[in-house]
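Peer 1: A predicted structure for the sequence below; I have some questions about it.
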Amino acid sequence: MGYRMKPILAVAVAIFAFVTSPAARAETLTDALISAYKHSGLLDQNRALLRVADEDVAQAVAALRPVLSYYARSQYANFTDRNGDHLTANVGLQASLLLLDGGNSKLAIEGAKETVLATREGLINVEQSVLLRTVIAYMNVLRENEFVALRQNNVRLIGEQLRAAKDRFEVGEVTRTDVSLAESRLALARANLAAAEGNLARSREEYRAAVGTYPKSLRRAPKAPATARSLDSARAIAYTTHPSMKKVQHDIAAAEIGVLRADALMKPSLSLKGSLDYNHVGTESATIGLDLGGPIYQGGKLSSLYRQAVARRDATRSGLHITRHEVAQGVGNAWALLAVSRATLEASNRQIRAARIAFRGVKEEATLGARTTLDVLDAEQELLDAEANRISAITDQYVATYSLLSAVGLLTVDHLKLGIRTYDPAAYYNAVRTAPADSTQGKRLDRVLRALGKE
């Protein structure tokens, strides 16, 4: 390699390193969604609540297993009618095993499983909220950036108009009123620029709250994902896929099991019990037997529990009706917003074309003395408003598309194919569902917990 080629190669390598460095790469919407998924404290909170529900299954399983406990007793007695004191001591083991309880314990396991499934659907709902908030924050930053650029350009153009008005005033072509009008519009433009910069600052703070970091250089949003072709098809999808619908269905199943459990409380139970006792004088005793028992009268408590379970089931069933209407309304609102934003965008494009032609014509006519400075400023404001409407319409259309995805229950990491490892709600459940107590299962559970901490 020649001596002259080395500096050129060094410059090329430096440019390549800068372009490909993380700081030089623009942040995409996918990057923001991934960061939000990993950053969200709300997701972490609800994952922990899901693990709480998982443990309810383990505790329900444990109720059907043997219970083994130990005891140690010591008693000191002073007898007034005889000489001396008396000290006794006992140690022993007690064991019990539930054999029959009217199916209550098995029903408790099934009810806990339904609650786990309902909680999982709740977690998906939270995931949708986190991702939708990120999309809105991302698009708002893009919009406010464009608004700031638009306002900056507006200040520059009105500044040029003011200078032109002053020059024409010097030669007597316009009056002092024209100059004052231009000065007033320039002050207003600067105030609007300050307001736009303030809105951008607030959007950046919302972005940081949603994603975890401040936005750097954001790329334009990619093509919006496909949605349903009609409102009816969107609602049909939502009824079967939305996590709120699935959650309430599992809640109903759990409530139905609750009624069966309340009925089982009125049935007898059978337990196998045994004990081994050893006292201070060396006497050892062992017992084993069956305990059969059941309620006769508890002041109406059991009947009240049953009626309460039935009422809770009925309320949960009504919740399905309410949830179905809420899901339908959410789909309808998102669909309407999408339709409005599309129509607004089309109208804004036509408005911009007409306003641009009008502005150029008024500006040219003003140079010939056929238009006043006020006419030029009004035409420019018309064009500015049209461009602002177009920016808002693009943002609204994009947000409406993702809102529709959320409304039908498809705004998830998996459906968006973000290409990252997602939280596995079954990992912890599978580790605890059998209520492990030995060290091997305990070590496995520790590994699961460490993995969850790295998600």
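Peer 2: Now that the structure is in, tell me what you want to look at. Numbering: from 1, shown residues only.
Peer 1: Surely Leu276 is within a strand?
Peer 2: Yes: assigned with DSSP: H, G, I helix; E, B strand; the rest coil, Leu276 falls within a strand.
Peer 1: what's the distance between it and Arg73?
Peer 2: As judged by Cβ to Cβ, to the nearest Å, Leu276 and Arg73 stand 14 Å apart. For glycine as for every other residue, the C-beta is placed from the backbone atoms N, C-alpha and C.
Peer 1: would you list every one of the helices in the protein?
Peer 2: 5-20, 29-39, 41-62, 104-170, 176-211, 231-241, 243-264, 301-367, 373-408, 413-416, 425-432, 439-453 (DSSP state H).
Peer 1: ok, Leu276 and Arg73, which is more surrounded?
Peer 2: Shown here are Leu276 and Arg73; by other Cβ atoms under 10 Å, Leu276 has more neighbours (15 against 11).
Peer 1: what's near enough to touch the more buried one?
Peer 2: Leu276 sits next to 92-93, 284-286 when contact means Cβ atoms under 8 Å, 6 or more residues apart in numbering.
Peer 1: Using JSON lines, lay out those together with pLDDT and distance to Ser230.
Peer 2: Formatted as JSON lines, the contacts of Leu276 follow (pLDDT from 0 to 100; distance: Cβ to Cβ, whole Å):
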{"residue": "Gly92", "pLDDT": "94", "distance to Ser230": "73"}
{"residue": "Leu93", "pLDDT": "95", "distance to Ser230": "69"}
{"residue": "Glu284", "pLDDT": "88", "distance to Ser230": "80"}
{"residue": "Ser285", "pLDDT": "91", "distance to Ser230": "79"}
{"residue": "Ala286", "pLDDT": "93", "distance to Ser230": "75"}
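Peer 1: Give the ChimeraX command for selecting the buried subset of the residues you listed.
Peer 2: Listed next is the ChimeraX selection for buried residues among the contacts of Leu276, using 16 or more other Cβ atoms under 10 Å:
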select :92
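Peer 1: The contacts of Leu276 in strands, which ones?
Peer 2: Under the assignment DSSP state E, those contribute 92-93, 284-286 to strands.
Peer 1: Let me know whether Thr227 touches Thr401 as I believe.
Peer 2: Yes: Thr227 is within contact range of Thr401, at 6.0 Å (criterion: Cβ atoms under 8 Å).
Peer 1: Now do the shared contacts for the two.
Peer 2: Common neighbours of Thr227 and Thr401, using Cβ under 8 Å, 6+ apart, are Leu338.
Peer 1: Now the common contact residues for Leu276 and Arg73.
Peer 2: Counting by Cβ under 8 Å, 6+ apart, nothing touches both Leu276 and Arg73.
Peer 1: Stretch 291-299: end-to-end distance?
Peer 2: Distance between the two ends of stretch 291-299: 23 Å, counting by Cα to Cα, to the nearest Å.
Peer 1: swap that for stretch 164-178, please
Peer 2: 10 Å.
Peer 1: and it, which residues are buried?
Peer 2: 164-165, 168-169, 174, 178.
Peer 1: ok, back up a step: tabulate the helices of the chain (TSV), appending distance to His86.
Peer 2: What follows is the helices of the chain, written out as TSV (distance: least, Cβ to Cβ, whole Å):
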stretch	distance to His86
helix 5-20	88
helix 29-39	68
helix 41-62	40
helix 104-170	43
helix 176-211	71
helix 231-241	74
helix 243-264	47
helix 301-367	43
helix 373-408	75
helix 413-416	71
helix 425-432	49
helix 439-453	44
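Peer 1: Which of the ones you listed sits closest to Ser69?
Peer 2: The closest of the helices of the chain to Ser69 is helix 41-62. By Cβ to Cβ, the value is 13.6 Å.
Peer 1: Show me what the closest one is packed up against.
Peer 2: Other elements packing on helix 41-62 under the criterion 3 or more Cβ pairs under 8 Å, 6 or more residues apart in numbering; DSSP states H and E are helix 104-170, helix 425-432.
Peer 1: The same query, at a cut-off of 10 Å, please.
Peer 2: Contacting helix 41-62 under the criterion 3 or more Cβ pairs under 10 Å, 6 or more residues apart in numbering; DSSP states H and E are the following elements: helix 29-39, helix 104-170, helix 425-432, helix 439-453.
Peer 1: could you give the mean pLDDT of stretch 312-320?
Peer 2: Across stretch 312-320, the average pLDDT comes to 95.
Peer 1: circling back to that earlier point, mind checking which of the helices of the chain is nearest Thr88?
Peer 2: Checking those against Thr88 by Cβ to Cβ gives helix 41-62 as the closest, at 33.9 Å.
Peer 1: List the buried residues in the closest one.
Peer 2: Those would be 43, 46-47, 50-51, 53-58, 60-61, for helix 41-62 by 16+ other Cβ under 10 Å.
Peer 1: And for stretch 420-437?
Peer 2: Quick answer for stretch 420-437 (16+ other Cβ under 10 Å): 423, 425, 427-429, 431-433, 435.
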